[in-house]
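Engineer: After the sequence you'll find the predicted model.
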Amino acid sequence: MLDVQKVREDFPVLKSGVIYLDNAASSLTPEQVVQKEVEFYHEYRANVERGVHRMSQRASQEYEHAHDLVAGFLNASSGENVAMMKNTTEGINFVANALDWRKGDKIVTTVIEHHSNFITWLRVGRRHGVEVKVVKSDAEGRFDLADFERIIDDKTKLVAVTAVSNVLGCIVPVKEIAEIAHEHDAYVLVDGAQSVPHMKTDVKDMDIEFLAFSGHKMLGPTGSGGLYIKGDLLYEVEPLCIGGGTIADVTISDYELARSPMRFEAGTPPIAQVIGLGEAVKYLQRIGMDSIERHERRLTEKLVEGLMELPEVMVYGPKEPRERLGIVSFNIEGMNPHDVALTLDASANIAIRSGNHCALPLIEELLKAGVGTARASTYLYNTEEEIERFLGAVEDIIKVVR
């Protein structure tokens, strides 16, 4: 069982008494990750893959090791399969610009996507004459796989889906969708921003071509993240940028790109952030993703059941806690979600998110919640006592509204 109190000792910001329930937006960072970045700046602050002096060699080793750590975390074949990005959005846009689009191609995505995995494909459609089809779910985020079977056809080049909704918290059947896509030789891109930090991720078992994720949501530094690229595509997709660090050879009239992942990481990369992300992965692996997921499911069950007991509260997403991860969107009758968030912050030192969560089609089409929602999201350092205090604070707000 996860020792939450021991974990909390690694997060100095929690000593302030804040109840941090905005983890879907960005997680906190443990001291071990911070110190790993400090180590780089204090001991071997140099560029990577360029110099032969000992500081550059050490920096390069640490940088390459971070790729291997992340690859192992995803069960990818090797560090070659992971290109470092600054966030999920960059990874998704990388794929949008890396593929050879032709008029008549089709992209299939869903109504529950974050804008980054939605408008990116609309832009591809505008630029290249590609058809974009949107699969809808029910209000709890459940999909009928028959809809994917009906929409995905031999014209489909890419199916882009989230693994976990950042609004509903629902878990999407990615593996089953990938099977349908591959029957038509379509690629599959998964937005792993909300899944990679909270549940075991196995890209081989999912059998997908691309997976984008953000380091800042999984205890890592801001400006860190990655893109998994399946092995047989590593030398078929085009880098978004080329230049320093991406080449094996250059002549007066031609060039040859380096091996992966360097071919995808032009210029001086965010070295400290990448090394910090590697340390965050080590931290999560020491605790165990199964333990983290079990802990969060207990918190989510308590959170959902507690909110649903309040008649003035509308809870969105799956009513069954086992069908979701630790993201719970809700509204209080008669209150703007921003006012709910501000009141929780001012009166109880509780941090949550409010608004449309960069998912307007979902908010407006499915939930009919034009003003957005309030959203509480958990992680490994949250406790049952914090959930109880949160629920008590929500009850206090309702009493005032009455």
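Structural biologist: That came through fine. Numbering: from 1, shown residues only.

Engineer: Can you get me a residue count around Ala25?
Structural biologist: A count of nearby residues for Ala25, using other C-beta atoms under 10 Å, gives 15. C-beta: built from backbone N, CA, C; applies to glycine.

Engineer: swap in the one 3 residues further on?
Structural biologist: Number of residues near Leu28 (other C-beta under 10 Å) recorded here: 19.

Engineer: contacting residues around it?
Structural biologist: Contacts for Leu28 (C-beta atoms under 8 Å, 6 or more residues apart in numbering) come out as Phe11, Val13, Leu14, Tyr20, Leu219, Tyr379, Tyr381.

Engineer: Give the residue spans of the protein that score low on pLDDT.
Structural biologist: 402 (pLDDT under 70).

Engineer: Report the buried residues of the one helix or strand Thr300 maps to.
Structural biologist: Following DSSP states H and E, the helix or strand that holds Thr300 is helix 289-308. Residues 289, 292-293, 295-304, 306-307 are the ones in helix 289-308 that count as buried (16 or more other C-beta atoms under 10 Å).

Engineer: circling back: now the contacts of Leu28: which count as buried?
Structural biologist: Phe11, Leu14, Tyr20, Leu219, Tyr379, Tyr381.

Engineer: Tabulate the contacts of Leu28 (JSON lines), appending secondary structure.
Structural biologist: Putting these into JSON lines (DSSP: H, G, I helix; E, B strand; the rest coil) gives the following:
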{"residue": "Phe11", "secondary structure": "coil"}
{"residue": "Val13", "secondary structure": "helix"}
{"residue": "Leu14", "secondary structure": "helix"}
{"residue": "Tyr20", "secondary structure": "strand"}
{"residue": "Leu219", "secondary structure": "coil"}
{"residue": "Tyr379", "secondary structure": "coil"}
{"residue": "Tyr381", "secondary structure": "coil"}
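
Engineer: ok, so of the residues you listed, who is nearest Thr162?
Structural biologist: Taking C-beta to C-beta as the measure, Thr162 sits nearest to Tyr379 out of those, at 18.3 Å.

Engineer: and the gap between the closest one and Glu31?
Structural biologist: The gap separating Tyr379 from Glu31 is 16 Å, by C-beta to C-beta, to the nearest Å.

Engineer: sec struct for the most far-flung residue of the chain relative to its centre, please.
Structural biologist: Residue farthest from the centre of the chain, counting by C-alpha atoms, centre = their mean, is Ile252 at 41.6 Å. Recorded secondary structure, Ile252: coil (three-state DSSP).

Engineer: show me what contacts it?
Structural biologist: Not one residue lies near Ile252 by C-beta under 8 Å, 6+ apart.

Engineer: can you count the residues close to the closest residue to His53 other than its chain neighbours?
Structural biologist: Spatial nearest neighbour of His53, chain neighbours left out: Ala46 (7.2 Å); criterion: C-beta to C-beta, 6 or more residues apart in numbering. By other C-beta under 10 Å, the residues close to Ala46 number 17.

Engineer: that's a strand at Ala46, yeah?
Structural biologist: No - with three-state DSSP as the criterion, Ala46 is coil rather than part of a strand.

Engineer: so it touches Glu62, yeah?
Structural biologist: No - if you go by C-beta atoms under 8 Å, Ala46 and Glu62 don't touch, sitting 10.6 Å apart.

Engineer: Which parts of this structure are helices?
Structural biologist: In the chain, the helices defined using DSSP state H lie at 4-8, 31-43, 54-74, 88-98, 119-128, 145-151, 174-182, 203-206, 271-287, 289-308, 337-348, 360-361, 384-401.

Engineer: Any idea which of the ones you listed gets closest to Gly215?
Structural biologist: For those, the distance to Gly215 is smallest for helix 271-287, at 4.1 Å, taking C-beta to C-beta.

Engineer: chain center to the closest one, what's the gap?
Structural biologist: How far helix 271-287 lies from its chain's middle: 15 Å, per C-alpha atoms, centre = their mean, to the nearest Å.

Engineer: Residues in contact with it: which ones?
Structural biologist: For helix 271-287, contacts defined as C-beta under 8 Å, 6+ apart pick out 2, 7, 10, 29-30, 32-34, 36-37, 40-41, 47-48, 59, 62-63, 65-67, 69-70, 72-73, 84, 86, 197, 215, 218-226, 292, 380.

Engineer: Ile332 versus the residue farthest from the centre of the chain, what's the distance?
Structural biologist: 67 Å.

Engineer: Distance to Glu238 for the buried ones among the contacts of Leu28 - can I get that in a markdown table?
Structural biologist: Below are the buried ones among the contacts of Leu28 laid out as a markdown table (distance: C-beta to C-beta, whole Å):
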| residue | distance to Glu238 |
| --- | --- |
| Phe11 | 40 |
| Leu14 | 44 |
| Tyr20 | 40 |
| Leu219 | 32 |
| Tyr379 | 36 |
| Tyr381 | 40 |
